[in-house]
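Enquirer: Dropping a prediction and its sequence here:
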2 protein chains.
Amino acid sequence: MAHPLYTGSVPVFRKMLTALDAILTRTENHIAEKKLEPEAFLQARLFPDMFTFVRQVQIACDFAKSVPARLSGAEVPSYEDNERTFADLHARIRKTLELTAGIEEAKFAGAENREIVLRPGTPRERRFAGGEAYLFAYGIPQFFFHVATAYALLRHNGVDLGKMDYMGER
Amino acid sequence: MAHPLYTGSVPVFRKMLTALDAILTRTENHIAEKKLEPEAFLQARLFPDMFTFVRQVQIACDFAKSVPARLSGAEVPSYEDNERTFADLHARIRKTLELTAGIEEAKFAGAENREIVLRPGTPRERRFAGGEAYLFAYGIPQFFFHVATAYALLRHNGVDLGKMDYMGER
């Protein structure tokens, strides 16, 4: 069996982001067919104090890059968060897929015993005693929150998608 | 390290369902304060061809019971799907928490090599070569889809929740 904290993170995030990339394309096609404004989707929110679609996709990518980086003891790559268009979001996903493709499974050795500290030295510092708590009680729920919310926003706005699209199985 | 397919399923599902249970209570309080109709939330959908809130909670519980059962080689407990009220949904979550509390981690031994077959003998039969593919490429994405969509439905309808509620960290 491969290292379970690798198996439970990198391929999971990559599968879902690949699906999200295809969902973006389906949404662009929908916008073109119906002659709609891309901004209506990119800036959509489910409620005024929730994040926009753009931000949901950005944060999904953030967890996909930061969780495996922390588990494997690497620096978390920094993104500029300057995406404004569907093309920009495709690029961010593509960059995240490339980054995660380069993560060696061997680097996960000992991840179960690696203490992980988020926002160290700040009032919002958060410590995880090991990689399992960090991945399963934090990283996975957070990642899926943003992927599922991005999907929900598009469905709510009438893009013809199904759960097969979310699962990357179409 | 505990068996990773146990660690990646039972405690994850239990944490999220415990959070969902508290979210239901917050929603009931919101409904009482504002003198709203419970049905407006229970039957809410993000789009007409999506499932209602009740169904999202039911299915989240389904994955929380079926995924660990299949991984541990047990029968999948059957539910009647007759929930109609918030009290019913609390009961379904409570039943699922009790069921999953009783799953012994030792039963996960060899789960990584256990072939898992969904809907056997039907046109929609689906085979997974082992427990890892079943959990990480299927069970986890499906479970979180329904939990996050349930949360999104409540947020969209104005219940004052935050991601801390979804994460069970309030």
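Expert: Everything's here; your move.
Enquirer: mind listing what's buried in stretch A:148-158?
Expert: Using 16 or more other Cβ atoms under 10 Å in any protein chain shown as the test for burial, stretch A:148-158 gives A:148-157. Yep, even glycine has a C-beta here, placed from its N, CA and C like the rest.
Enquirer: Stretch A:69-87 now?
Expert: Quick answer for stretch A:69-87 (16+ other Cβ under 10 Å): A:69-72, A:74, A:79, A:83, A:86.
Enquirer: which among these gets closest to chain B?
Expert: Proximity of the buried residues of stretch A:69-87 to chain B, judged by Cβ to the nearest Cβ, is greatest for residue A:71, which lies at 12.8 Å.
Enquirer: was I right about that closest one contacting residue A:114?
Expert: Yes: checked against Cβ atoms under 8 Å, the pair residue A:71 and residue A:114 is within contact range at 7.1 Å.
Enquirer: shared neighbours of the two, anything?
Expert: residue A:131 (Cβ atoms under 8 Å, 6 or more residues apart in numbering or on different chains).
Enquirer: Quick check: end-to-end length of stretch A:100-114?
Expert: End-to-end distance of stretch A:100-114: 19 Å, with Cα to Cα, to the nearest Å as the criterion.
Enquirer: what's the answer for stretch A:103-120, then?
Expert: 24 Å.
Enquirer: Could you confirm whether any residue of it contacts chain B?
Expert: Yes: Stretch A:103-120 reaches chain B (Cβ under 8 Å from any Cβ of the partner chain) through residue A:112.
Enquirer: doesn't residue A:44 fall inside a strand?
Expert: No: Residue A:44 is assigned coil when assessed by DSSP: H, G, I helix; E, B strand; the rest coil, not a strand.
Enquirer: Can you read off the pLDDT for it?
Expert: Predicted confidence (pLDDT) for residue A:44: 98.
Enquirer: so it makes contact with residue A:52?
Expert: Yes: between residue A:44 and residue A:52 there is a contact under Cβ under 8 Å: 6.5 Å.
Enquirer: Let me know the helix or strand that residue A:5 is in.
Expert: helix A:4-7 (DSSP states H and E).
Enquirer: And that helix, what does it pack against?
Expert: Counting contacts by 3 or more Cβ pairs under 8 Å, 6 or more residues apart in numbering or on different chains; DSSP states H and E, helix A:4-7 packs against helix A:53-71, helix B:4-7.
Enquirer: now the helices: where do they sit in chain A?
Expert: A:4-7, A:10-34, A:38-42, A:53-71, A:86-101, A:131-134, A:140-156, A:163-166 (DSSP state H).
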